[in-house]
Each structure stands twice: as C-alpha cells, then as structure tokens.
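Engineer: Show me how the following folds:
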Amino acid sequence: MRKLCLCLFSLVLTISLFPLLLKAKDDDFVRQPPRRVIFTHHDRSDSDPQQVHISLVGKDHMKVSWVTDSKHCSSLVEYGKESGNYNAKANGEHTSYKYFFYSSGKIHHVTIGPLEPSTTYFYMCGSSGPEFSFKTPPSTLPLDFVVAGDLGQTEWTNSTLDHIQSIDYDVLILPGDLSYADTHQPLWDSFGRIVEPYASRRPWMVTEGNHEVESFPIIYPTGFKAYNARWPMPYQESGSTSNLYYSFEVAGTHVIMLGSYAEFDADSDQYKWLQADLAKIDRKKTPWVVALLHAPWYNTNSAHQGEGDSMRLAMEELLYTARVDLVFQGHVHAYERFTRVYNNKADPCGPIYITIGDGGNREGLALS
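Structural biologist: Purely as a prediction, here's the structure:
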C-alpha cells in the first residue's frame, strides 16, 4: 500500500513541478536562452497594500504580508467567507529596513485564524485597496504541491507563473533564490509585485538561496536583511531559532526547509534543530516527509558541482535514518531526478533527489 501511495504522491508532485525544459528524447532539442528581466512598477496609492503574499502558520492559521509606501497605515487584516463581508479581523506587526541608501516601505505581517480547511476566504489589508482571496489547504491527503526554484523575475518567470496559475494547487514550496535582487533592493519590491497575483491566493513557503544572502563586510556581515524582513516563515512554531530553517506540516506531510547558508555542522544550531525535528515526526500523522534545500547534495551537472557536499556529509545520515521520502534542490538551473540514493550509492531506503532550479532566473539554464 505504501508503495502505491508513493507512486501516486510522486505523480502528483511531478505534474506540479514544472520541469518545463527537460532534455527531450530527441537529440535535436535546443534549450532556450535566458530572457530579459522584468521590473514591475508600483501603480497603487501610497496607502494601498502591495506585494501581498501569504504563508502557513501552524495547522489552521495564515500569515498575511504586504508593503505600504505610507508609514501611517495600520497592520490590520479583515477577512470572511463572503466577498465584501468581513466578520473577523486581526492586528499584527510591522517592520522596515535600510540597506545603504535604500529605505523599504512599511512591511506588515498579520496572522489570521483559526481557519477552516479547503475553504475560500476574502480579505483586505489595512482597510484600503483591493480585496484579495485565498483558499486554505485540505486537512487530509490528497494534497497538491507546486515546487519551483530559482524563480527570479524574467519573461521565463512569467511563463512559469502562468503554468502555476493554470493548476488548482494547494501550497507552493520554493527551495531558494527568489528575487535575484543581489543587493539592488528595488528588485525586491518588483518581485513582490510580480508574484502577488499568485502568492496572495495560495500559501508560499520558501527557504533561502545564495541570492538572498546580500551580506557586506562590517556593514551587513550576517546578510539576509531583506529576506528576513519581507519573507518571515513560521520557524518558531517548529522550534527553530532562525528564519533560515524550519519545518511545517500540512495534510499528512511534514516539510523540512533547510538552510544551505546557515551553519550546518554537528555543533550547529541547525543540526541540533534538525535532529530534534526529525525525532518528533509521527509517521501515522504525517506519512510523507519532504525536505527542501538550495545547494544540491546530488548533482551531475557541471554547474555548482560539489557546492552542497559539505552539508550532505554533515546531515545526510539524519535524513536517511528518518526515511525522508523526497528532497527538492535548487541552485543548478536545470531539472534532474535521481533514483533513491544514500552516500553516493543507489539505496532503496534513501530519498529521491530532484533538482528543480529552472524557474525563470536571469542567468539562464545550466547546459552541461
């Protein structure tokens, strides 16, 4: 029965993955070149919400995040099951940040709930601007994930987002490299605008990639200033002390979001957290365990070869012992799927590794 369930689950995930540019059986297949970056401008008033996106918090809550140019707008979300009829509301918190000469808008985060599963809710942010809506995930399997890595904001990104929009999925999970801002902070704002029509309708759960680091010696030595301010994930709920790694559960699935750019050796906080998190998994409650990380542990492409090896050597045994089912990786701008593997050898008890780093980044595909 478990073997049958695995096949069905893998099929659902494969359908939702968007391996748009797989190597075809035809030897004449030509991979498409990179496309231009798209900068999405702000076309609402200073007090209207922009860059709206949602993320799961616990089993029945949702975090609503958005930005306003005005510093005087309240961090308030009104919501309900009927359009225009909001019978519940919640207040939250706000933050902002500076990066050299750039100053962000007011970044709002409000957690709403409890919410019912498989239910559409309508909501407004800050009592002004347009109405948004989202659908909560189901409480039990089946569950449809979308996985897209190295998304960026190019014409190829738009193509990927169009495919995402065509599927009635439940949750998007992203293994790092969101905006490709690379210290150019207005690109974070542009990215928030380009994904808003999608990320405001379904929860997006993300982890960091190398393009989120944005560190600078002495001034910003720890990095992740924009990422942590704009895309806070529910790390505290899983016992993590860092937004760079966490886990969450949804409809029979335990999802582990690892941090390729946080410390990961046996003495690190991340390693100890992962040990504790894996030990708490109840396979009767969550029979599926999926992990995401950015720098691949397994990769036959010449691009980024070996960059994830040190993390694999430190942590692979933990995932293997816990019988993790699937590991999704980004960073390499290609699609690649491995058999079940452990310690560089095929192993029927190891996870299936899938590289899914071809979401639309500006750097183009890895070709060899």
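Engineer: and the nearest residue to W204 once chain neighbours are set aside, what element?
Structural biologist: What sits nearest to W204 in space, not counting adjacent residues and going by CB to CB, 6 or more residues apart in numbering, is L172, at 4.7 Å. (C-beta placed from N, C-alpha, C; glycine too.) For L172, the enclosing helix or strand under DSSP states H and E is strand 171-174.
Engineer: For that strand, which helices and strands make contact with it?
Structural biologist: Counting contacts by 3 or more CB pairs under 8 Å, 6 or more residues apart in numbering; DSSP states H and E, the secondary-structure elements packed against strand 171-174 are strand 145-147, strand 204-206, strand 288-293.
Engineer: Output the contacting helices and strands for the following helix or strand past the longest one.
Structural biologist: From strand 288-293 onward toward the C-terminus, using DSSP H and E, the following helix or strand is helix 309-321. In terms of contacts (3+ CB pairs under 8 Å, 6+ apart), helix 309-321 is packed against helix 269-279.
Engineer: List the buried residues for the helix it packs on?
Structural biologist: Using 16 or more other CB atoms under 10 Å as the test for burial, helix 269-279 gives Q270, Y271, W273, L274, D277, L278.
Engineer: and it with strand 288-293, angle?
Structural biologist: In this structure, helix 269-279 runs at an angle of 170 degrees to strand 288-293, with axes from the mean of the first three to the mean of the last three CA atoms, to 10 degrees as the basis.
Engineer: mean confidence for helix 269-279?
Structural biologist: Helix 269-279 shows a mean pLDDT of 98.
Engineer: can you check stretch 169-182 too?
Structural biologist: Looking at stretch 169-182 alone, the average pLDDT works out to 97.
Engineer: what's the first-to-last distance across that stretch?
Structural biologist: Terminal residues of stretch 169-182 are spaced 30 Å apart (CA to CA, to the nearest Å).
Engineer: Can you give me the buried ones in it?
Structural biologist: By 16+ other CB under 10 Å, the buried positions in stretch 169-182 come out as 169-181.
Engineer: Report the distance from the strand holding L172 to the chain centre.
Structural biologist: On the basis of CA atoms, centre = their mean, to the nearest Å, the separation between the geometric centre of strand 171-174 and that of its chain is 5 Å.
Engineer: Give the partner strands of that strand in its sheet and their orientations.
Structural biologist: Looking at strand 171-174 with DSSP bridges, its partner strands are strand 145-147 (parallel), strand 204-206 (parallel).
Engineer: Mean neighbour count, mean pLDDT and distance to C73 added to the ones you listed, as TSV?
Structural biologist: Shown next, in TSV, are the strands paired with strand 171-174 (neighbours: other CB atoms under 10 Å; pLDDT from 0 to 100; distance: least, CB to CB, whole Å):
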stretch	mean neighbour count	mean pLDDT	distance to C73
strand 145-147	23	97	31
strand 204-206	23	98	22
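Engineer: Please name whichever of these is nearest to T111.
Structural biologist: Shortest distance between T111 and those, using CB to CB, is found for strand 204-206: 14.7 Å.
Engineer: after the closest one comes which helix or strand?
Structural biologist: Past strand 204-206, further along toward the C-terminus, the next helix or strand under DSSP H and E is helix 225-230.
Engineer: residue ranges for the strands of the stretch 101-250 of the chain, please.
Structural biologist: With DSSP state E, counting those that start in this stretch, the ranges of strands along the stretch 101-250 of the chain come out as 102-103, 106-112, 120-125, 132-135, 145-147, 171-174, 204-206, 246-250.
Engineer: Figure out which of those strands is closest to P217.
Structural biologist: Taking CB to CB as the criterion, P217 comes closest to strand 102-103 out of those, the separation being 18.3 Å.
Engineer: got any ranges where the chain has weak pLDDT?
Structural biologist: When residues are selected by pLDDT under 70, those of the chain lie in 1-31, 367-368.
Engineer: Which residue lies nearest the spatial centre of it?
Structural biologist: The chain has V206 as the residue nearest its centroid, 2.1 Å off, counting by CA atoms, centre = their mean.
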